[in-house]
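>>> Build me a model from this:
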Amino acid sequence: MPGVPALKRVGHKGADLIAPGNTIASFDAALAVGVDMVEFDVLPERADGSSRLVLAHDADHAAAGTPVTLEEGLAHLARADVELDVDLKRPGCEARVVDALRRFGVTERALVSTTEPESLRAVRALAPGLRLGWSVSEARVARQAPRELRAGRIDAVMAHTSVATGRLVRAVREAGGELYVWTVDDAQEVERFERLGVTGVITNDPRLFTRSGTSPPRSRPDRRPWSPRDRRSSPGAPGPRRAGRDATGS
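Coordinates of the predicted model:
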């Protein structure tokens, strides 16, 4: 459709089906395919939150081997021309994450997502201009998302495939937000969600975007990071089509 931005191609944990997720190798695999955004998980290494922040989905992953630290991941991705979906797995580390994003100069191309409303509130207070995404996997929660968008408490909805309906797509668009779908590992499903008009699809295998015949990546000038100010400047208008989680909450 003329004037509609191309589907945002998002690599889940980098490219988890090509190389183990939340690793430098996985990020490089996603970048090699040509994603627009790289999603990764952030978690304190220890449950008490006093430890390093590492890139891991849960405590078992954090304890396995030598996880990549948040600083190592950001240092690597800061050199790439992609946006970042920073998925917070546990409340309490918001200030350290915001500080790290600022130190590595990536706040303007970052989106911080989480299932936790308290984390969203904390990040908004710390960095009002930073994009926020609410991860939802239940229909009753997803129905609340457009209200949160209109109130300016979030900028994007990260919807599990089970709740990413045409109705939700329309409601999010009318509220001026973005909608990303997680986690889509089938080429036909990628095409289906593109037809629905979602902002982006999050997948463990970014090679699917080529196989599905989705629209090509946007040119560099169209990749200006969106900020909440864009929505406020045009109330009710859809935000630019611009990240995910797996069925257990990526």
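
>>> and the longest strand for this structure?
Determined from DSSP state E, the single longest strand within the chain is strand 37-44.

>>> and it, how far out from the chain's middle?
Mean-position distance between strand 37-44 and its chain equals 9 Å (Cα atoms, centre = their mean, to the nearest Å).

>>> after it, next one along is what?
Counting by DSSP states H and E, the next helix or strand C-terminal to strand 37-44 is strand 53-54.

>>> list the helices and strands that following strand packs on?
strand 37-44, helix 94-103 (3 or more Cβ pairs under 8 Å, 6 or more residues apart in numbering; DSSP states H and E). No exception for glycine: its C-beta is placed from N, CA and C like everyone else's.

>>> tell me the angle of the first one relative to helix 94-103?
Using axes from the mean of the first three to the mean of the last three Cα atoms, to 10 degrees, the interaxial angle of strand 37-44 with respect to helix 94-103 works out to 140 degrees.

>>> Can you list the helices and strands that strand 37-44 packs against?
strand 8-12, helix 24-33, strand 53-54, helix 59-63, helix 70-77, strand 83-88.

>>> Looking at the first one now, give me its mean pLDDT.
Going back to what we said before, that points to strand 8-12. When pLDDT is averaged over strand 8-12, the result is 98.

>>> Give me the buried positions along that strand.
8-12 (16 or more other Cβ atoms under 10 Å).

>>> just to revisit the earlier point, what is the orientation angle of the longest strand of the chain with strand 8-12?
Going by the same axes, to 10 degrees, strand 37-44 makes 40 degrees with strand 8-12.

>>> Quickly run through the sheet partners of strand 37-44, with directions.
Strand pairing for strand 37-44, using DSSP bridges, gives strand 8-12 (parallel), strand 53-54 (antiparallel), strand 83-88 (parallel).

>>> Any chance of these in CSV with distance to Phe209 as columns?
Converted to CSV, those look like this (distance: least, Cβ to Cβ, whole Å):
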stretch, distance to Phe209
strand 8-12, 5
strand 53-54, 28
strand 83-88, 15
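
>>> of those, which approaches Gln188 most closely?
strand 8-12 (16.1 Å; Cβ to Cβ).

>>> between the closest one and helix 24-33, how many degrees?
Going by the same axes, to 10 degrees, strand 8-12 makes 160 degrees with helix 24-33.

>>> about what we covered before: between the buried residues of strand 8-12, which is closest to Glu178?
Nearest to Glu178, judged by Cβ to Cβ, of the buried residues of strand 8-12 is Lys8 at 8.1 Å.

>>> Now the closest one: closest residue in space, sequence neighbours ignored.
Gly200 (3.0 Å; Cβ to Cβ, 6 or more residues apart in numbering).

>>> isn't the one you found right next to Thr183, touching?
No: with contact defined as Cβ atoms under 8 Å, Gly200 does not count as touching Thr183 (11.9 Å).

>>> Out of those two, name the residue with the larger neighbour count.
Gly200 (31 against 22; other Cβ atoms under 10 Å).

>>> for the more buried one, which residues make a bridge with it?
Lys8, Tyr180.

>>> Show the model's pLDDT score for it.
On the pLDDT scale, Gly200 gets 98.

>>> That one and Ile24, how far apart?
23 Å (Cβ to Cβ, to the nearest Å).

>>> Next up, the contacts around Leu53.
42-45, 69-70, 93, 96-97, 100 (Cβ atoms under 8 Å, 6 or more residues apart in numbering).

>>> any idea which of the residues you listed is least confident?
Glu45 (88).

>>> Name the nearest residue to that residue, sequence neighbours excluded.
Glu45's closest residue in space is Ser51 (Cβ to Cβ, 6+ apart), at 3.8 Å.

>>> other SSEs contacting the helix or strand hosting Ser119?
Assigned by DSSP H and E, Ser119 belongs to helix 117-126. Applying 3+ Cβ pairs under 8 Å, 6+ apart, we find helix 117-126 packed against helix 94-103, strand 110-114, strand 131-136.
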